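> need a structure here:
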Amino acid sequence: METINFKDSIIELKNVEYKNIGISQDIIDDIEKDKEFSIEMKTEDNYKIQELNENHVTLEYKRKKYFIPESFYEIEIIVTINYNLECEDPDLDEVKEDIDKNKKQLLLPASTQASLLIAQLTNVDTNKIPDFDPPFYKG
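Numbers count the residues shown, from 1 in each chain. Here you go, the predicted structure:
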């Protein structure tokens, strides 16, 4: 990754949404009727290039955590991370290729912050049993 400077990144929390859903009586009834019934925890990660110019790139990272069927909680966290570009007059298409090729490494600071936030939010809501999310991009 010759075009992106990893040393000078700026991370900014843009949004946190937390929805406490709980568990409905319908789900409890389904569990009692069918011992094979399960609730699936889902994690969705995605990102987009928010800004790209000759000097820097800003990536927007979004992590969403929820359950199927809808229960317990739903969390969505949006974090931006800004990197300076290393070379003068960079080829922006090459920068986009570098981002795509190295997205897990580039998004690691943002995904780590999202993971820590989820652990803190769920620690408060679930009586000291936090949900520890892997601190890496899963997209």
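
> give me the low-pLDDT residue ranges for this protein?
1, 125-128 (pLDDT under 70).

> how about stretch 52-60: buried residues?
The neighbour-count check on stretch 52-60 (16 or more other C-beta atoms under 10 Å) flags Leu52, His56, Val57, Thr58, Leu59, Glu60 as buried. For the C-beta atoms, the positions are set from N, CA and C on the backbone; glycine is no exception.

> Would you mind writing the CA trace of it as PDB?
Extracted C-alpha coordinates of stretch 52-60, given in PDB (Å, rounded to 0.1, in the frame of the first residue of the first chain):
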ATOM      1  CA  LEU A  52     -11.200  10.900  -1.900                       C
ATOM      2  CA  ASN A  53      -9.000  13.600  -3.200                       C
ATOM      3  CA  GLU A  54      -5.200  14.200  -3.900                       C
ATOM      4  CA  ASN A  55      -4.500  14.700  -0.200                       C
ATOM      5  CA  HIS A  56      -6.600  12.200   1.800                       C
ATOM      6  CA  VAL A  57      -9.300   9.500   1.800                       C
ATOM      7  CA  THR A  58     -12.100   9.300   4.300                       C
ATOM      8  CA  LEU A  59     -13.800   5.900   4.800                       C
ATOM      9  CA  GLU A  60     -17.200   5.500   6.500                       C
END
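
> Please export the alpha-carbon coordinates of stretch 117-132; CSV is fine.
Backbone C-alpha positions of stretch 117-132 (Å, rounded to 0.1, in the frame of the first residue of the first chain) are rendered in CSV as follows:
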residue,chain,number,x,y,z
LEU,A,117,-18.7,0.4,21.9
ILE,A,118,-20.9,-2.6,21.4
ALA,A,119,-19.3,-4.3,24.5
GLN,A,120,-20.0,-1.2,26.6
LEU,A,121,-23.6,-0.8,25.4
THR,A,122,-24.5,-4.4,26.0
ASN,A,123,-22.7,-4.5,29.3
VAL,A,124,-25.0,-1.8,30.6
ASP,A,125,-28.1,-3.4,29.1
THR,A,126,-27.6,-7.1,29.9
ASN,A,127,-26.6,-7.0,33.6
LYS,A,128,-22.9,-7.2,33.1
ILE,A,129,-22.8,-9.8,30.3
PRO,A,130,-21.3,-7.8,27.4
ASP,A,131,-21.4,-8.9,23.8
PHE,A,132,-17.8,-9.0,22.7
